[in-house]
Every structure is written in C-alpha cells, then in structure tokens.
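Asker: Fold the following.
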Amino acid sequence: MPLGRVTDPCRVSMANADSSGANHPDTPPTGLLSRYVFSADHKTIGLNYLWLALFSVFLGMAVSLLLRVHLAWPGVRLSFLSSLGNLPDRFAALTTLHGSLMVFLVLTAAPQAGFGNYFLPLQIGAREMAFPKLNLLAFWLTAVSLFGMTTTFFFSPQPAITLWIVSVAIFCAASLLNALNFSVTTIDLRAQGMTLPRLPLTVWAWFINAILGALIFSILLAACVCLLSDRLMGTHFFPVVNFVSTQPAGAVANAVPVLWRRLFWFFAQAEVYVALLPCFGLTTHLISTFSRKPVWKQRLVVLALCGVGLFGFCVWGQHMFSSGMNPSSPLVFSLLASSLGLPATILVISWLATLWNARIQLNTAMLFALGFISLFLSGGLSGIFLTRHNLAAAAAVSDDFVTGHFHLVMGVAATFAVLGALFFWFPKLFGRRLNEPLGKLHFWLTFAGVYCVFMPMHWLGLIAHSRVSAGGDLTSIALPGSSIHTFITVAILLTVFAQGLFLINFLWSLFRGEKVMEWNPWRATTLEWSVSTPPPADDFGATAPVVYRGAYEFSVPDAAEDFVPQHLAPEQVVKARKAGE
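Answerer: Residues are numbered from 1 along each chain as shown. Prediction:
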C-alpha cells in the first residue's frame, strides 16, 4: 500500500469513538453571524485576517499609484485629491496611509495572524488556540484599527494625526493579545510526541515572533499612550520644542508632513523583523517540501531565527533611542546591528544547501520562495550602503534609496513569502487549487516588475551623492517628472496589472478551481495534511494525533516513498522493497 494512502490512526479513532459526545468539542455554529463574525474558531479567524490583508493590499496599491502618478507627472490634477485640497499634508497623509496599510495590515497581519492562527494549532496537533475568545477580540480590534487608519485621510491634519495614533494603539493592543495567545498555545498545547526539536520551522518562526512582538508592541503601545497624553491632556513626554529644535529650518516651516513621516517611521521600523521572521519560517518550509530534502542544519536554523529576533530588536533600538544618549552608545548599537548578518547568513546558507543536488519541483509556491531569497539578498546588499552616515542622513532626494531598500527587503520580499504560502496552503484552506500556469505568469511579471520599480529608486538615491566635472549636475534627472520617475511609474502600472491576474486567479479558483480530492496533494509531512481538506470543525476529532518524528523527513532511505509524515507510527511506514526480492 502506498505511504500516502495508509489509513490515518486519527480517522480510525474518530470512527470508533463513543457516541456520548463527552470528548467532542461543541457543535459548530450554523448561522452566518455565528460562523463568520462571532466565531472563535481559529480557522475562521485566520481566514478573516487573510481577507482583511487582501483588502488592505489592493487598497494600498491603489494609494501608491496615486503617489507615483503625482511624482511622474506633477502637473496632472488628480480629481480625488483636488476635492480634498492639493496641499503637502494631503500627500504626506496619503503616504502614511499607504505605509500603514502595507506594514500593519498586510505584512504583519497576513504571515503571523492569518496563516499563524489557521495553521499553528494544526501543525502542533492542538484543537484550538489557547484563548479563543481573546483571539476573536484581537481580530476585531485589528479591524477597528484598519477602519481608523483609513479614515484619517479624510480629516484635517491635527485630528487625523490623533486618530492615527489611536488606531495604531488599538493595533498594538491586538498584537499583544495575539503574542500572548501564540506563546501559550505553542508551549502548552503541543500533541504527544511533539517535542521542541520536532516543531516545524513555521511554528518556531511564529513562536519567536510572538515573543518579539510582545516586547515591541508593549513599547509601542506605551509610546502611543504618551503621545495621546501629550496631545489631549497637555503632558510633556515628547515636548514639541525638542522636536522643532532638532529639525532643519525647512522642516519646521512645513511641520505637518515631517510629523507624518516621523510618526510612521517610529512605528514602521519596529515592524521590519516582525514582518520578516514568519516569512523566514514559511520560506524554509516551502524550500524543504519542494526540494524533497530535510532542512540543512535545522537546529542551527532555529538558533538563527532566535538571533534575527534578538538582533532585529537591537537594530530598532539603535534607530529609535540612540539620539540624546552617550556619544559612545551608537557604537554598541552598531556592533549589535552588524551582528544581524550572522543569523541572516546562516539562513541563506541553509536555503542554498537544501537546494543543492535536490529534486526541485518548480511549482508556483516554490518560485515565490526562490523569489523571496533573491529579493532578501538584493535588499540585504543594498542595506550595506546605509551604514554610511552621510547617505543615511542625506537630503530628501536620497530618501529614494531608503524607500527602494525598505520595499525590496521588507515589503516585496515578505509579500513573495506570503504568496508562496498561499499557493501552498490554498488546497487546505478551500479544497481547490490555484491555477498553476496563471500563477507562474503572475510570478514572472511581478518578479521582473518589482526589480524595475525599486532598483531605479536605489540609483536615484545614489545620484544625490554623485560628483561630476565641468559643472555637470546629475541630480536634475532625479527630480519629480524626470524620465526615471516616469519609468518607475510605468513599471508600477505593469506590476499592479500582474496583481490583477492574481486576483482573477484567486477568485476563479475559489469558486471554479480544480477540486482537491486527496488530503495531501503536495506529499508533505506536517500534521495539517493528516486531516481532510478543508479541515473539519474539530480539527483532529476526539483523539489527538501522536507525533513520532521530525517535520522534514524527506528522502528517507528505507521508505517506499520519499516522505514520511509526522503522525505515522513506525509500523505503518511502508518499507522499500529490496532489489533482490
């Protein structure tokens, strides 16, 4: 009997369970509101986070198009903005809205809260998150924060800034609840045999990220409370005179756009590794599954993930708290920040070693995982240039370099990991497949498009530091309306068109896509593939699964097939036939 068709012991236990219902979870709700709005089921909440992120990403892309059109063709009057007044603070608020949607509601919510809520209990053999009601509360707080951030654009500057800070505070509170839930679930609710070394790397990434989130979001929540106290009650935690005294004269004269930018970066800088940590776990998981090889040095990779969390927190500390400290303190922060290269290098080496001499399956999920590696390496190399003080503190035109680096290494790379995970888990989420040819076309258009968008931004930033002879001035080609800005805008339009292909693929596959009849179409090893597709309401039924081995048992020498699931007992594993038999 083939390995993938061995009878699952959990299914047998469910069939033979007593009919008293004593060991079964409550009957699932049947009403629309009960099933989707007020349901505390971790799968429903995970899907709701993903729907929220999908809405936010397309709204954020629409906002970015408005910004790029304004930069490429400054003379064009945008009717949407004209009705609200074409003032600098309008564009600053629009930039902050784009960043808030992408950083908070997409890159933080989708890989951690979305996929994490859905698959963390399934991958550790639990029936539910540790605190289901708290989980539901966290989701609705996130939805409220999305509404608040979006509506700030339609208010005058000062009320808008206050509302934005309130919205961020609500998001931080929701993220703290999620961090508590993820940590307790991972520690306390693992199935029998699911020791820490046997945890999938996705679970390790979600767990470490929860600890990092608890540290970061508690500080950000306190900062929000202090900011609101200054604005509403006249306290002086962050005196305005200190802010004004450290700004150049032009910034003080046009303080509202500068304030929007400073507020956003204060919060967004902390989000970089909160967004990337789950993506490291997702990418490693996909590479191992579609290379049909175990993760190279898995325990070292776990330590590297811990190092990314620790040093990433220190990088944020350098950016946020070095001002006003002892002059020698930036050296300590810089040494800690430079140490981030060590765990990042370990991760890259592990990915490449896993791919070496592997039987790679180049489906769409694997392509997005490989694209993540390419973008992470490109963005990491460009980050080396930002160690130069004169570039990091350059004038406004050099902001293009920072924007290109930030989008490449965080925004686009993290999005590639999320898309790869979506193509991988779509059959488990909805019982259907995404269209592979359309998915590959979407990948290649997006991969080429993002490099055409963000690499020229690096060039624009470097142009500001060019030194030419005979009175030449390269900086003029970096001004708004130049040919490079026009090229970037056209590339963005093509990239957004590619996302339209993804949306068509997603919606068509959701309702008309190829149905997946087998439980484990990818021949994966982790526990979520041991239950039906989509998973039943009670996940594993009355009897929890038992785990017998690690999460990446691929190419096992004595097995009949090239993978051995975690939940199969040793006696159930079909042995390979000897050549002489």
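Asker: In the stretch 401-550 of the chain, what residue spans correspond to strands?
Answerer: For the stretch 401-550 of the chain, strands defined by DSSP state E, counting those that start in this stretch do not occur.
Asker: now the longest helix anywhere in the chain, how far from the centre of its chain.
Answerer: Ranked by residue count and defined by DSSP state H, the top helix of the chain is helix 255-291. Distance, stretch centre to chain centre, for helix 255-291: 6 Å (CA atoms, centre = their mean, to the nearest Å).
Asker: swap in stretch 169-181?
Answerer: A distance of 16 Å separates the centroid of the chain from that of stretch 169-181, by CA atoms, centre = their mean.
Asker: And stretch 509-520, by the same measure?
Answerer: How far stretch 509-520 lies from its chain's middle: 25 Å, per CA atoms, centre = their mean.
Asker: which regions of the stretch 251-400 of the chain sit below the pLDDT cut-off?
Answerer: Residue ranges of the stretch 251-400 of the chain with pLDDT under 70: 251-258, 261, 270, 316-334, 337, 385-399.
Asker: ok, now with 80
Answerer: Filtered on pLDDT under 80, the stretch 251-400 of the chain yields the residue ranges 251-273, 312-339, 380, 382-400.
Asker: the helices in it, which residues?
Answerer: 255-291, 298-321, 329-338, 341-355, 364-385, 389-392, 399-406 (DSSP state H, counting those that start in this stretch).
Asker: For these, could you give me CSV that also reports distance to Gln499 and mean neighbour count?
Answerer: Bear in mind the C-beta positions are built from the backbone N, C-alpha and C, glycine included. Formatted as CSV, the helices of the stretch 251-400 of the chain follow (distance: least, CB to CB, whole Å; neighbours: other CB atoms under 10 Å):
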stretch, distance to Gln499, mean neighbour count
helix 255-291, 18, 23
helix 298-321, 28, 19
helix 329-338, 33, 15
helix 341-355, 26, 18
helix 364-385, 13, 21
helix 389-392, 31, 12
helix 399-406, 19, 22
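Asker: Mind listing residues that contact stretch 44-59?
Answerer: 35-36, 39, 101-102, 105-106, 109-110, 113-119, 135-136, 139, 142-143, 146, 150, 415, 418, 422, 429, 499, 503, 506 (CB atoms under 8 Å, 6 or more residues apart in numbering).
Asker: Tell me the buried residues in it?
Answerer: The neighbour-count check on stretch 44-59 (16 or more other CB atoms under 10 Å) flags 44-50, 52-54, 56-59 as buried.
Asker: mind giving me the domain split of the protein?
Answerer: Split into domains by automatic domain parsing, the chain comes to 30-200, 238-516.
Asker: Need those domains in TSV (columns: distance to Ala542).
Answerer: Putting those into TSV (distance: least, CB to CB, whole Å) gives the following:
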stretch	distance to Ala542
domain 30-200	10
domain 238-516	21
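Asker: So which of the ones you listed is nearest Gly550?
Answerer: Nearest to Gly550, of all the domains of the chain, is domain 30-200, at 5.0 Å by CB to CB.
Asker: I'd guessed Phe207 sits against Asn181; true?
Answerer: No - contact criterion CB atoms under 8 Å: Phe207 and Asn181 do not qualify, at 11.3 Å.
Asker: Compare neighbour counts for these two and give me the winner.
Answerer: Neighbour comparison, Phe207 and Asn181: the larger count goes to Phe207, with 26 against 23 (by other CB atoms under 10 Å).
Asker: quick one: contacts for the more buried one?
Answerer: Per CB under 8 Å, 6+ apart, neighbours of Phe207: 182-183, 186, 199.
Asker: Among those, which ones are in helices?
Answerer: The helices, defined by DSSP H, take in 182-183, 186 from the contacts of Phe207.
Asker: Can you lay out those residues as TSV showing neighbour count and distance to Val573?
Answerer: Formatted as TSV, those follow (neighbours: other CB atoms under 10 Å; distance: CB to CB, whole Å):
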residue	neighbour count	distance to Val573
Phe182	27	32
Ser183	19	33
Thr186	26	27
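Asker: of all these, which comes closest to Leu263?
Answerer: Phe182 (27.4 Å).
Asker: who's in contact with stretch 370-383?
Answerer: 279, 283, 287, 344, 348, 351, 401, 404-405, 408-410, 412-413, 416-417, 420, 443, 447, 450-451, 455, 458.
Asker: still on that earlier bit, now the buried residues of stretch 44-59 as CSV including distance to Cys314, pLDDT and secondary structure?
Answerer: As requested, these are exported to CSV (distance: CB to CB, whole Å; pLDDT from 0 to 100; DSSP: H, G, I helix; E, B strand; the rest coil):
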residue, distance to Cys314, pLDDT, secondary structure
Thr44, 37, 93, helix
Ile45, 32, 95, helix
Gly46, 31, 95, helix
Leu47, 35, 95, helix
Asn48, 34, 95, helix
Tyr49, 29, 96, helix
Leu50, 31, 95, helix
Leu52, 31, 95, helix
Ala53, 28, 94, helix
Leu54, 33, 93, helix
Ser56, 29, 93, helix
Val57, 30, 92, helix
Phe58, 35, 91, helix
Leu59, 33, 91, helix
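Asker: Tell me which residues touch the closest residue in space to Ser64 that isn't next to it in sequence, please.
Answerer: Of all residues not flanking Ser64 in the chain, His98 sits nearest, at 5.3 Å (CB to CB, 6 or more residues apart in numbering). Residues near His98 by CB under 8 Å, 6+ apart: 60, 63-64, 67.
Asker: what helix or strand is His98 on?
Answerer: helix 88-100 (DSSP states H and E).
Asker: Now do that helix against helix 255-291, angle only.
Answerer: 20 degrees (axes from the mean of the first three to the mean of the last three CA atoms, to 10 degrees).
Asker: Average pLDDT for helix 88-100, rounded please.
Answerer: In this model, helix 88-100 has a mean pLDDT of 78.
Asker: Give me the residues contacting the helix or strand that comes right after it.
Answerer: Once the chain leaves helix 88-100, the next helix or strand it forms, by DSSP H and E, is helix 115-124. The contact list for helix 115-124 (CB under 8 Å, 6+ apart) reads 42-43, 45-47, 49-50, 126-129, 135, 178, 182, 185-186, 189-191, 194, 199-200, 202-203, 206, 278, 282, 418, 421, 425, 429, 526-528, 531, 535, 539.
Asker: Throw the contacts of His98 into a markdown table and include secondary structure and distance to Leu220, thanks.
Answerer: Formatted as a markdown table, the contacts of His98 follow (DSSP: H, G, I helix; E, B strand; the rest coil; distance: CB to CB, whole Å):
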| residue | secondary structure | distance to Leu220 |
| --- | --- | --- |
| Gly60 | helix | 20 |
| Val63 | helix | 23 |
| Ser64 | helix | 24 |
| Leu67 | helix | 25 |
